[in-house]
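**Student:** The sequence and its predicted three-dimensional model are supplied below.
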Amino acid sequence: MPRIPKDWNLPQEPGDFLSDVGHTPEPRVKGWMNTPPVKIKRGMHCYAAKPARLKAVGMPNPREWSTMADDWKLPENWKEIFLDGMKDRLGRFRTFQLFMDICVRCGACADKCHYYIGSGDPKNMPVLRAELLRSIYRQHFTTAGKILGPVAGGRELTYERLKELWYYLYQCSECRRCSVFCPYGIDMAEITIMGRELTNLLGLNIDWIAAPVAFCYMTGNHMGIQPHAFVEMLEFFVDEIEEVTGVRVKPDFNRKGAEVLFVTPSGDVFGDPGTYTCMGYMILFHELQKLGLDITWSTYASEGGNFGLFTSNEIMKRLNSKMYAEAKRLGVKWILGGECGHMWRVVNQYMGTMNLELAEGSKMEEPVSPITGTKFENAKSTKMVHITEFTADLIRNNKLKLDPSRNDHLKVTFHDSCNPARGMGLFEEPRYVIKNVCNNFYEMPENTIREQTFCCGAGSGLNAGEDMELRMRGGLPRANAVKYAHEQHGVNMMACICAIDRAVLPDLMTYYVPGVDITGIHELVTNAMVLDGEKKKTVDLRGEPLPGKEDKE
Ligand code: SF4
Ligand code: SF4
């Protein structure tokens, strides 16, 4: 039985597939500006957005089109739309104007991108990815470019160049690793965000982003789970939890007057291994209710993640607003947010200028833990607390009964998910929690963690099935670091605090490091928690036997 599923269209041996990676740029004599038209390769991109998705949120130019076709059926005045859009955004977003102007092409970022490392394609160097758009900017918006063209680094916007730009915009996961190394702090993700926003004016989204956006807009979450189904799924988890622990938890929904609203990515409700993290939240809340936590879930704001971030600022704002609107409707004081990646990037980096006015006239206030009395001053403006901060505070104040030996079957490492790490600096809290609930914790090499962490290979909406080659190439540096921890320390579990990571890292491990599984932190927390009235625990939430606690018949 082959280890790698056939529909991945990848060799069984990763070495075979990586043997064509060369990190030598095109010969200088040719120059990158004259490289031949891009060849869009199967496995390295995602399928086109279906028109219904775009229509659902009123995005422009919805139509059937194919990424592999010569004719992308662009509107007749596509060039005008693109350049007008660019002009508008150069005027509105200072970062965009700045990042179009200031790169000195020092190359410090060149080898820092996981897609370049794994593909060897020079256009995946961040500096060159940015140049694809910057050269169009120079040609059409700078005096030197208008007069001197290529001599001043300008390139006319042509159909071929639009395709090339699109292809490489969707080979960037907006992870911002390259930005850590840029002496000017140029944020490549901001360039990609703007580039995607411009191509979206032409209806050129991918379905893996457009579908979750449409679902989220229509049903409240990316998965398109209807409110009644959302409740049923959590009720199913109630039964599962009772089977393992003997304790019957009682989540409630849409309760007006609750103190706290809980919002998490729907990926945790929908698919393994995120579901175990979801059960972890439910167990934690059940225990804390006795200590004074007054919390409710929402079937309307049933998504913490925000695929709008990968689409446009306008869509990001619209999708995010439902959390604050729901908080206001229910009259809660603050929002507790689950283990998610882009949710936190959006909240921490953009909410200050987006939806905070929605909190006006509501009962929202600076979050205070009802259990420990800790004020979360860092969340004063957003009124949202990350669950690992919340749980770290509980542990620090001895509010949880923990038996870390219940995780002794695991040797754990921690993957810093790009957005909580580089988007909010959440490095210590997850580690603090893990070290208190697990006896065996090992770090991956230093230059692959914390702010230098590597992307899972499929962030920013690239976690489709059809771009598996791109994902495995982009995931190579992360997998390599896990392999090191696996071989050196016997690591068999990698924890992370992002639902996309929990969805995509199992595939990456299947390909490169079989024997390492993926978990969320709150699965580990509640594995270790000693619950009031629990039965003798013999298995963990996955049904795996706990060492030394097996039933002796
Ligand atoms: S490190 Fe910064 S300045 Fe240097 S090439 Fe990269 S983006 Fe440009
Ligand atoms: S994927 Fe990450 S490292 Fe690569 S260019 Fe995009 S932001 Fe930079």
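**Tutor:** Cool, got the structure. Numbering: from 1, shown residues only. Ligands and ions are numbered 1, 2, ... in the order given.
**Student:** for the stretch 201-350 of the chain, what are the low-confidence residue spans?
**Tutor:** Per-residue confidence for the stretch 201-350 of the chain (pLDDT under 70) gives no ranges below the cut-off.
**Student:** Count residues in the vicinity of the residue nearest to residue 252 when sequence neighbours are not counted, would you?
**Tutor:** Nearest residue to residue 252, sequence neighbours excluded (CB to CB, 6 or more residues apart in numbering): residue 296, at 5.4 Å. C-beta: built from backbone N, CA, C; applies to glycine. Residues lying near residue 296 (other CB atoms under 10 Å) number 20.
**Student:** Give me the three-state assignment for residue 296.
**Tutor:** For residue 296, the secondary structure call by DSSP: H, G, I helix; E, B strand; the rest coil comes out as strand.
**Student:** ok, the closest residue to ligand 2 within the stretch 1-150 of the chain - contacts?
**Tutor:** Of the stretch 1-150 of the chain, the residue with the smallest distance to ligand 2, taken as CB to the nearest ligand atom, is residue 113 at 3.1 Å. Residues in contact with residue 113 (CB atoms under 8 Å, 6 or more residues apart in numbering) are 124, 125, 126, 129, 172, 177, 178.
**Student:** downstream neighbour of the helix or strand that contains the fourth one in the secondary structure list?
**Tutor:** When elements are assigned from DSSP states H and E, residue 129 belongs to helix 126-141. From helix 126-141 onward toward the C-terminus, using DSSP H and E, the following helix or strand is helix 143-148.
**Student:** Whichever helix or strand comes after that following helix and ligand 2 in contact?
**Tutor:** Downstream of helix 143-148, the first helix or strand assigned by DSSP H and E is helix 159-169. No: counting by CB under 6 Å from any ligand atom, no contacts exist between helix 159-169 and ligand 2, the nearest distance being 8.9 Å.
**Student:** Pull out the buried residues from helix 159-169.
**Tutor:** Judged by neighbour count (16 or more other CB atoms under 10 Å), helix 159-169 contains these buried residues: 161, 162, 163, 164, 165, 166, 167, 168, 169.
**Student:** The fifth one and residue 298: what is the separation?
**Tutor:** Per CB to CB, to the nearest Å, residue 165 is found 39 Å from residue 298.
**Student:** ditto for the second one
**Tutor:** Between residue 162 and residue 298 the distance, using CB to CB, works out to 41 Å.
**Student:** Pull out the buried residues from stretch 279-297.
**Tutor:** Residues 279-288, 293, 295-297 are the ones in stretch 279-297 that count as buried (16+ other CB under 10 Å).
**Student:** Distance from it to the middle of the chain?
**Tutor:** For stretch 279-297, the distance from its own C-alpha centre to the chain's C-alpha centre is 25 Å (CA atoms, centre = their mean, to the nearest Å).
**Student:** got the CA positions of that stretch in CSV?
**Tutor:** As requested, the backbone C-alpha atoms of stretch 279-297 are provided in CSV (Å, rounded to 0.1, in the frame of the first residue of the first chain):
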residue,chain,number,x,y,z
MET,A,279,-13.4,19.3,22.9
GLY,A,280,-10.5,20.8,24.9
TYR,A,281,-12.2,24.2,25.0
MET,A,282,-15.5,22.6,26.0
ILE,A,283,-13.9,20.7,28.9
LEU,A,284,-12.0,23.8,30.1
PHE,A,285,-15.1,26.0,30.1
HIS,A,286,-17.1,23.4,31.9
GLU,A,287,-14.5,23.2,34.7
LEU,A,288,-14.2,27.0,34.8
GLN,A,289,-18.0,27.6,35.0
LYS,A,290,-17.9,26.4,38.6
LEU,A,291,-15.2,29.0,39.3
GLY,A,292,-17.3,31.9,37.8
LEU,A,293,-16.7,31.8,34.0
ASP,A,294,-19.9,32.9,32.3
ILE,A,295,-19.4,32.1,28.6
THR,A,296,-21.5,31.4,25.5
TRP,A,297,-20.9,30.2,21.9
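**Student:** Can you tell me which residue of the stretch 351-500 of the chain sits closest to ligand 1?
**Tutor:** The nearest approach of the stretch 351-500 of the chain to ligand 1 comes at residue 452, 14.5 Å away (CB to the nearest ligand atom).
**Student:** Name all residues that make contact with the closest residue to that residue other than its chain neighbours.
**Tutor:** The shortest distance from residue 452 to any non-neighbouring residue, by CB to CB, 6+ apart, is to residue 180 (6.3 Å). Residue 180 sits next to 112, 422, 451, 452 when contact means CB under 8 Å, 6+ apart.
**Student:** Could you pull out the buried residues of the helix or strand where residue 180 lies?
**Tutor:** Residue 180 is located in helix 177-181, with elements delineated by DSSP H and E. Within helix 177-181, the residues that qualify as buried are 177, 178, 179, 180, counting by 16+ other CB under 10 Å.
**Student:** so can I have TSV of the residues you listed showing distance to ligand 2?
**Tutor:** Below are those laid out as TSV (distance: CB to the nearest ligand atom, whole Å):
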residue	distance to ligand 2
177	4
178	3
179	7
180	9
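**Student:** now, among these, which is nearest to ligand 1?
**Tutor:** Nearest to ligand 1 out of these is residue 178 (CB to the nearest ligand atom; 6.6 Å).
**Student:** any idea how far the closest one lies from residue 37?
**Tutor:** Shown here: residue 178 relative to residue 37, a distance of 25 Å by CB to CB.
**Student:** What about the buried residues of stretch 279-297, which are in strands?
**Tutor:** 295, 296, 297 (DSSP state E).
**Student:** which one of those residues sits closest to ligand 2?
**Tutor:** Out of those, the one with the shortest distance to ligand 2 is residue 297. That distance is 33.1 Å, counting by CB to the nearest ligand atom.
**Student:** Show me what that closest one is bridged to.
**Tutor:** Taking DSSP bridges as the rule, residue 297 bridges to residue 253, residue 262.
**Student:** which ones are touching it?
**Tutor:** The contact partners of residue 297, taken as CB under 8 Å, 6+ apart, are 234, 251, 252, 253, 254, 261, 262.
**Student:** Scan those residues and report the most crowded one.
**Tutor:** Counting neighbours by other CB under 10 Å, the one among the contacts of residue 297 with the most is residue 261, which has 29 neighbours.
**Student:** Chain neighbours aside, what residue packs nearest to that one?
**Tutor:** residue 332 (4.4 Å).
**Student:** before we move on, what about residue 507?
**Tutor:** Looking at residue 507 with CB to CB, 6+ apart, the closest residue is residue 471, at 7.0 Å.
**Student:** Please apply the same query to residue 327.
**Tutor:** Across the structure, with CB to CB, 6+ apart as the measure, the residue nearest residue 327 apart from its sequence neighbours is residue 261 (5.2 Å).
**Student:** hang on, that neighbour packs against residue 328?
**Tutor:** No: at 9.9 Å, residue 261 and residue 328 do not qualify as touching, with contact defined as CB atoms under 8 Å.
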